[in-house]
Structure formats: structure tokens, C-alpha cells
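*Asks:* Whatever this is, show me its structure:
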Amino acid sequence: MGCMRILFVDDEREHIESVAKVIEEALDADVQVVDTVRDAVAELHRSPCDLVVMDIFIPMGRAAVEVLGPRARRYEQDLEHLGGLVLLDELQRLTIRPTVLAHTACTDFELLELMKEVVTERVPKPAPVDVLLRSVLEALQLPVPG
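*Replies:* Below you'll find the predicted structure:
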């Protein structure tokens, strides 16, 4: 088995990059951090991921239509700050689907219901590093230290 690959998608990079570094070292994994749907889609199509840890409130990114095609025009107008919903749609189109954790402050019932089909677990944001690490380990079905 090759190196485990984890993708963080969040526009609050300063918090996520420190968490990603801890997870990268703890799991000896390839961890990428991106801050737009456009960049996430590019990473997902570049190489399959084992896990995606994402916020729901993320921007589409510059020229999303280049990556997502004509359907992105509708998303850019209607879902300016809810890019995570677009990403969930894109994740369902992948041949090899990663496990998905939502690390989000979202508490809207309708949005949470939309996520259920794709998201394994929701981790309230901002989660401390140890809580997020535990959630990542559980999502990947790896042993959690006592």
C-alpha cells in the first residue's frame, strides 16, 4: 500500500496548516491543504485521496468554470460562499471516492441533511488539534491512542 493521501479544504489556512502538519507527521501521510473548490477539484483529479477534510463555507475559486465546466456558472452565482456543497457534488462523481469529514461551523439543518449522503462525520469548527486528529484516525479506521 502506498502513502496515505489526505486533502484539507478550508479557506482558514492558518489554523488548518498547523493541524495538517501534525496529522502529516503522526500518520506519515501526504497531506495537502487548499482553500478553494477549484483547487480541491484539481487535487482530487490529480491523484486519489484516502480522506478529504473540508469546510462547507468555502469559496469556489477563480475561474471555477475551467475545472467544473458550464455547471459552475450556476454555482458561482447561487452558492458564492457555500462551495463545499459543490465539492460534495464533485466528490460523488469520482471513480475512487475518499472518506469525507466535514470540519465546519455549519449548524443549518438543511445543509447538514444535504451533507449526510457523502460526509462520514461532522467535526464542529474550530476543533482543537487532538479532536481533529482523533476524528481523522477514526474516519480512516486507524487505531486511536488510548
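*Asks:* And what about the nearest residue to residue 36 once chain neighbours are set aside, helix, strand or coil?
*Replies:* Spatial nearest neighbour of residue 36, excluding adjacent residues (C-beta to C-beta, 6 or more residues apart in numbering): residue 61 at 2.9 Å. Any C-beta I mention is one placed from the backbone N, CA and C, and that applies to glycine too. Secondary structure, DSSP: H, G, I helix; E, B strand; the rest coil: residue 61 is coil.
*Asks:* doesn't residue 43 make contact with residue 61?
*Replies:* No. Look at residue 61 against residue 43 with C-beta atoms under 8 Å: they stay out of range, at 11.8 Å.
*Asks:* Comparing these two, which residue is more hemmed in?
*Replies:* For residue 61 versus residue 43, the count of surrounding residues by other C-beta atoms under 10 Å is larger for residue 61: 22 against 17.
*Asks:* got a list of what the more buried one touches?
*Replies:* Neighbouring residues of residue 61 by C-beta atoms under 8 Å, 6 or more residues apart in numbering: 35-39, 67, 83.
*Asks:* measure it to residue 136 for me?
*Replies:* Here the criterion is C-beta to C-beta, to the nearest Å. By it, residue 61 lies 24 Å from residue 136.
*Asks:* Endpoints of stretch 29-43, how far apart?
*Replies:* 15 Å (C-alpha to C-alpha, to the nearest Å).
*Asks:* Could I get the buried residue list for that stretch?
*Replies:* Within stretch 29-43, the residues scored as buried using 16 or more other C-beta atoms under 10 Å are 29, 31-41, 43.
*Asks:* Residue ranges in the chain under the pLDDT threshold?
*Replies:* 1-2, 62-81, 146 (pLDDT under 70).
*Asks:* Grab the nearest non-local neighbour of the most centrally placed residue in it.
*Replies:* By C-alpha atoms, centre = their mean, the chain has its centre lying nearest to residue 54, at 2.6 Å. In this structure, residue 54 finds its nearest non-sequential neighbour in residue 9, 4.0 Å apart by C-beta to C-beta, 6+ apart.
*Asks:* if I pick that neighbour, what's in contact with it?
*Replies:* For residue 9, the contact set (C-beta under 8 Å, 6+ apart) comprises 34-35, 37, 39-40, 52-55, 58, 84, 87.
*Asks:* can you count the residues close to residue 12?
*Replies:* 14.
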